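Visitor: I need the structure of the sequence given here:
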Amino acid sequence: MQDFISPGRIVLVPGDPGYEDELAGFQTGFAQRPDAVFAARSAEDVVAAVTYAAAEGLPVGVQATGHGLPGDAEGGVLITTRRMDAVTVDARARTVRVQAGVTWRQVVEAAGPYGLAPLNGSAPGVGAVAYTLGGGLGILAREFGYAADHVRALDVVTADGRLRHVTADGGELPDGAALFRGLLGGGANLGVVTELEIGLVPVTRLYGGSLAFDGRAVDPVAALRAYERWTATVPDSLTSSFAAVPCPDVPALPPRLRGRYVVSVRVAYTGTAADGERLVAPLRGIGPVLADSLREMPYAESRTIHSDPDFPHAYYGDSAVLSALDVDAVGELLALTGPDAPSMYVVQVNHLGGALARSRPNSVPHREGRFLVRVLGGVDGPARELLHRALATVEPWTIGRALNFAYGAGGAGAAGGRTGAGLYDPRTQERLAGLKSAYDPANLFRRNYGVAGVSSRA
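Guide: Okay, here's the model as predicted:
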């Protein structure tokens, strides 16, 4: 390994001071013990890590924020990228270049002064690059599509240790367009992306927030039925989700929510506040409101729409992209995962369609889906088994799964659990397998996405 350790390069092995701290991330439910950790500060550090792993025949994983842990690095090489945190905005071109460790919070803060916004998700602490490679279903998704749809260029270290610059037109490679298309939606299965250039949108403010109801005073299924009917009436400029959350009785929550089973609708709308009020008016008929945070807000406050937890914790989850929302079936799912379940579960239903349904030159699958159901729960065996039993209630309408919402289940957090079945449609899977054979025939990037080249060792 000494050949790959230059002055100033940080490489840690088990037992070294700082090894455990370097592994720490947002996800605490799964342990990983790589043979070596390369704490990258540059693309050259990533090249060194990949070259070393290839020489030793070791699998490679990448960790920025640790929201989805790379189980592939177990017994192999882990590249941590959080020190690669440069953000460069080109206001005239409406683009931003982000390095591999950048979070969406950093991009929102950098773009805001120029009257621009990224297509970030609900949690500001999520890594921008990994989120985008997995598709990127954001709070403005129905109006602008997936974050992956807006990428202009990628810098990627492939399994041969070469740093390549690829674009939709190919870049420096004859088949660079195919690699570009495979990386966007294909996740971390073809290389380590060190930097990407992505488009920004001219959004400075929103009408958004949430309406929360007591799930014991209001029938959650009736609330979901009202939500499903309401989604058929809204424009593409409104993106929303329905959530059911048993709130713990902890001081971190507002008193009115503590210990309650809360069902809520979250809204992000780029139209006027007056039109927003008119659009959400039918939702107020669901029942007495526990909490109402709907308001005009600067885009910098968009994180408050979902108010996702920002502290590390353990979780396991999976998802189902649906051709239609059968409310009775999802009602069964809610009954299984509700406040009387043996452990805590969080259920979210995202309204899809709009710009998400438009074909783009990338590998984001299942664009015909109309809704996405996501379930998060505990990491122990019984909790995981019940979670998958709950998702089985919507199997007749399931056309696939979402890579970014398969935490610990063969997707973005591949540390145990299910295989990659259902993450891609057959045509996309075949195309990605061809790229895998061409760019990583030894399966160095051993992501469990159900996509492997002809020489796969997974």
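
Visitor: surely residue 193 is in a strand?
Guide: Yes. Applying DSSP: H, G, I helix; E, B strand; the rest coil, one finds residue 193 inside a strand.

Visitor: helices along the stretch 251-400 of the chain, start to end?
Guide: If DSSP state H, counting those that start in this stretch is used as the criterion, the helices of the stretch 251-400 of the chain fall at 273-280, 327-337, 381-391.

Visitor: same question for the stretch 1-150 of the chain.
Guide: Taking DSSP H, counting those that start in this stretch as the test, the helices found in the stretch 1-150 of the chain are 19-23, 43-56, 104-111, 128-133, 141-144.

Visitor: mean confidence score for the shortest one?
Guide: It stands for helix 141-144. Confidence for helix 141-144, expressed as mean pLDDT, is 98.

Visitor: could you dump that helix to PDB, C-alpha only?
Guide: Provided in PDB are the C-alpha atoms of helix 141-144 (Å, rounded to 0.1, in the frame of the first residue of the first chain):
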ATOM      1  CA  ALA A 141     -39.700  17.300  -9.000                       C
ATOM      2  CA  ARG A 142     -43.100  17.500 -10.800                       C
ATOM      3  CA  GLU A 143     -42.200  20.800 -12.400                       C
ATOM      4  CA  PHE A 144     -38.500  20.200 -13.200                       C
END
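
Visitor: strands paired with the very next helix or strand once past it, and their directions?
Guide: Going down the chain from helix 141-144, the next helix or strand is strand 151-157, by DSSP states H and E. Sheet pairing of strand 151-157 (DSSP bridges) gives strand 163-167 (antiparallel), strand 192-199 (antiparallel).

Visitor: quick one: closest of the ones you listed to residue 129.
Guide: Residue 129 sits nearest to strand 192-199 of all those, at 5.5 Å, using C-beta to C-beta. Placement of C-beta: from N, CA and C, glycine included.

Visitor: now the next helix or strand after the closest one against helix 273-280, angle please.
Guide: Counting by DSSP H and E, the next helix or strand C-terminal to strand 192-199 is strand 205-214. If you take axes from the mean of the first three to the mean of the last three C-alpha atoms, to 10 degrees, strand 205-214 sits at 30 degrees to helix 273-280.

Visitor: now for strand 205-214, which elements pack on it?
Guide: Judged by 3 or more C-beta pairs under 8 Å, 6 or more residues apart in numbering; DSSP states H and E, strand 205-214 is in contact with strand 261-269, helix 273-280, strand 289-292, strand 295-298.

Visitor: most packed of the ones you listed?
Guide: When the helices and strands packed on strand 205-214 are scored by mean count of other C-beta atoms under 10 Å, the highest mean neighbour count falls to strand 261-269 (a mean of 25).

Visitor: that one: how far from the chain's middle?
Guide: The chain centre lies 19 Å from the centre of strand 261-269; the measure is C-alpha atoms, centre = their mean, to the nearest Å.

Visitor: and for stretch 298-306?
Guide: Per C-alpha atoms, centre = their mean, the centroid offset for stretch 298-306 relative to its chain is 18 Å.

Visitor: so what touches that stretch?
Guide: 105, 108-109, 112, 117, 120, 122-124, 139, 203-206, 208-210, 241, 266-268, 293, 297 (C-beta atoms under 8 Å, 6 or more residues apart in numbering).

Visitor: contacts only, for the closest residue to residue 149 other than its chain neighbours.
Guide: In space, and not counting its chain neighbours, residue 149 is closest to residue 360: 4.5 Å by C-beta to C-beta, 6 or more residues apart in numbering. By C-beta under 8 Å, 6+ apart, the contact set of residue 360 is 145, 146, 148, 149.
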